[in-house]
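Asker: let me see the structure of the following:
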Amino acid sequence: MNTNIPIKENKNNEDKKKILIVDDDPDICVTLRKIFEQNGFMADSFIEPLLALENFKAGLYDLLLLDIKMSQMGGFQLHQEMKK
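Answerer: Numbers count the residues shown, from 1 in each chain. Next comes the predicted model:
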């Protein structure tokens, strides 16, 4: 069984889709970010939802992956604040 993840390369960062990952589990953030980056995406990750909200810029991300249950703010609430 091949466990290697193929790396897809894009010519420059402008062509890459950008993903925001917010999860209070650091291992999940690091793992997801590495997997996405190895497959040609750009990814930012935060373990603190309030910090993610402070750094969020509308229109910058193509996909948001938000943990539903986090201690400071849940994913649904974070999404509502990002939409404002």
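
Asker: so Leu65 sits in a strand?
Answerer: Yes: according to DSSP: H, G, I helix; E, B strand; the rest coil, Leu65 belongs to a strand.

Asker: wait, it touches Leu32, no?
Answerer: Yes: shown here, Leu65 and Leu32 form a contact pair, counting by CB atoms under 8 Å, at 6.8 Å. The way it works is simple: take the backbone N, C-alpha and C, and place the C-beta from them, glycine included.

Asker: tell me, what's touching these two both at once?
Answerer: Common contact partners of Leu65 and Leu32 (CB atoms under 8 Å, 6 or more residues apart in numbering): Ile21, Asp23.

Asker: got the residue ranges for the strands in the chain?
Answerer: Using DSSP state E, the strands of the chain run over 18-22, 42-46, 63-66.

Asker: kindly reformat the ones you listed as a markdown table containing mean neighbour count, distance to Gly75 and mean pLDDT.
Answerer: A markdown table is the format used below for these (neighbours: other CB atoms under 10 Å; distance: least, CB to CB, whole Å; pLDDT from 0 to 100):
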| stretch | mean neighbour count | distance to Gly75 | mean pLDDT |
| --- | --- | --- | --- |
| strand 18-22 | 20 | 7 | 97 |
| strand 42-46 | 19 | 12 | 96 |
| strand 63-66 | 16 | 3 | 97 |
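
Asker: could you redo these as TSV and give each row distance to Leu53?
Answerer: Shown next, in TSV, are those (distance: least, CB to CB, whole Å):
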stretch	distance to Leu53
strand 18-22	9
strand 42-46	9
strand 63-66	11
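
Asker: excluding chain neighbours, what is closest to Met73?
Answerer: In space, and not counting its chain neighbours, Met73 is closest to Pro49: 4.2 Å by CB to CB, 6 or more residues apart in numbering.

Asker: number of residues surrounding the one you found?
Answerer: Using other CB atoms under 10 Å, Pro49 is surrounded by 23 other residues.

Asker: that one reaches Val22, doesn't it?
Answerer: Yes: contact criterion CB under 8 Å: Pro49 and Val22 qualify, at 5.6 Å.

Asker: so what sits against both of these two?
Answerer: Both Pro49 and Val22 are contacted by Leu66, Met70, Gly75, Leu78, under the criterion CB under 8 Å, 6+ apart.
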